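Enquirer: Provide a 3D model corresponding to the input given below.
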Amino acid sequence: MKIFTGIVIFFYTLVFVAVGSLVISFALGYISPQTINELIQRIPTDLNIRMIIGMIGIGIIVISLAIMQLAFGSNKQEKSIAFDNPNGQVTVSLSAIEDFVRRLGKEFKEIQELKPVAKVKKDALTITCKTYLLQDLSIPEISQKIQDTVRNRVNKLLGNTEDVKVKIDVVKIIEKEKRGKKIEKEQEPNVPFQYKAEV
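Expert: Model prediction:
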């Protein structure tokens, strides 16, 4: 899919570069109106020019449809997952799974924050966890712990009906002092207002 996307973007960029170059050439005087007029007059009589223009038009249409498919078709397929129960089909949105994993991240004292992104590819649920780790921790150990916990809990949530893959993306390593200050700030009681009586 990535190769196909790259090819589509390459040809679409090539078309725009060619059109832009023609416009610039016309503006600078390298291509005169007479030249364009002669070319237009030759189109009905020259079979080769007609074939080239027709192929360019077909290529632009095909590339445009492919881009629309990539932009809208894949996103439509990845909004939710579905599985069958004895009483009927069950659909779970990917945003619900992301919220579940995000709350699950609060159980880990070794991390400050967990930002999951869930996608469905080839009947497999992939959860990429953008993780903010504390300093002086073993990344392989905590990553394995997060992967095992998230995979087991999501499997339990969905009834072991999906192939769950968990990827860890360590975004930032945070100092312990900053983590402690944040926890203290979160634990401070919120006072809506204070009233001071006048003496």
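Enquirer: Not counting sequence-adjacent ones, nearest residue to residue 8?
Expert: When the adjacent residues along the chain are set aside, residue 8 lies closest to residue 66, with 4.9 Å between them (Cβ to Cβ, 6 or more residues apart in numbering). C-beta coordinates here come from the backbone N, C-alpha and C atoms, glycine included.
Enquirer: What average pLDDT does the helix or strand that contains the one you found get?
Expert: Counting by DSSP states H and E, the element that carries residue 66 is helix 47-68. pLDDT averaged over helix 47-68 equals 80, rounded to a whole number.
Enquirer: can you pull the buried residues of it?
Expert: For helix 47-68, burial by neighbour count (16 or more other Cβ atoms under 10 Å) applies to 63, 66.
Enquirer: One more: stretch 97-112?
Expert: Using 16+ other Cβ under 10 Å, the residues of stretch 97-112 that count as buried are 97-98, 100-101, 104-105, 108, 111-112.
Enquirer: now, among the residues you listed, which is nearest to residue 9?
Expert: Nearest to residue 9 among the buried residues of stretch 97-112: residue 98, at 28.0 Å, using Cβ to Cβ.
Enquirer: In a helix, residue 141, correct?
Expert: Yes: when the secondary structure is assigned by DSSP: H, G, I helix; E, B strand; the rest coil, residue 141 falls within a helix.
Enquirer: when you give positions from now on, start the count at 11
Expert: Sounds good: first residue 11 from here, last item residue 151.
Enquirer: mind checking how far it is from residue 157?
Expert: Relative to residue 157, residue 151 is positioned 11 Å away (Cβ to Cβ, to the nearest Å).
Enquirer: ok, those two, which is more surrounded?
Expert: The neighbour comparison of residue 151 against residue 157 (other Cβ atoms under 10 Å) goes to residue 157, with 17 against 10.
Enquirer: so that one sits right up against residue 179, yeah?
Expert: No: here residue 157 does not reach residue 179: they are 11.8 Å apart, not a contact under Cβ atoms under 8 Å.
Enquirer: per-residue pLDDT, residue 175?
Expert: You'll see residue 175 listed with a pLDDT of 90.
Enquirer: Domain map for this structure?
Expert: Each structural domain of the chain that the record assigns through automatic domain parsing is listed here as a residue range: 12-87, 93-195.
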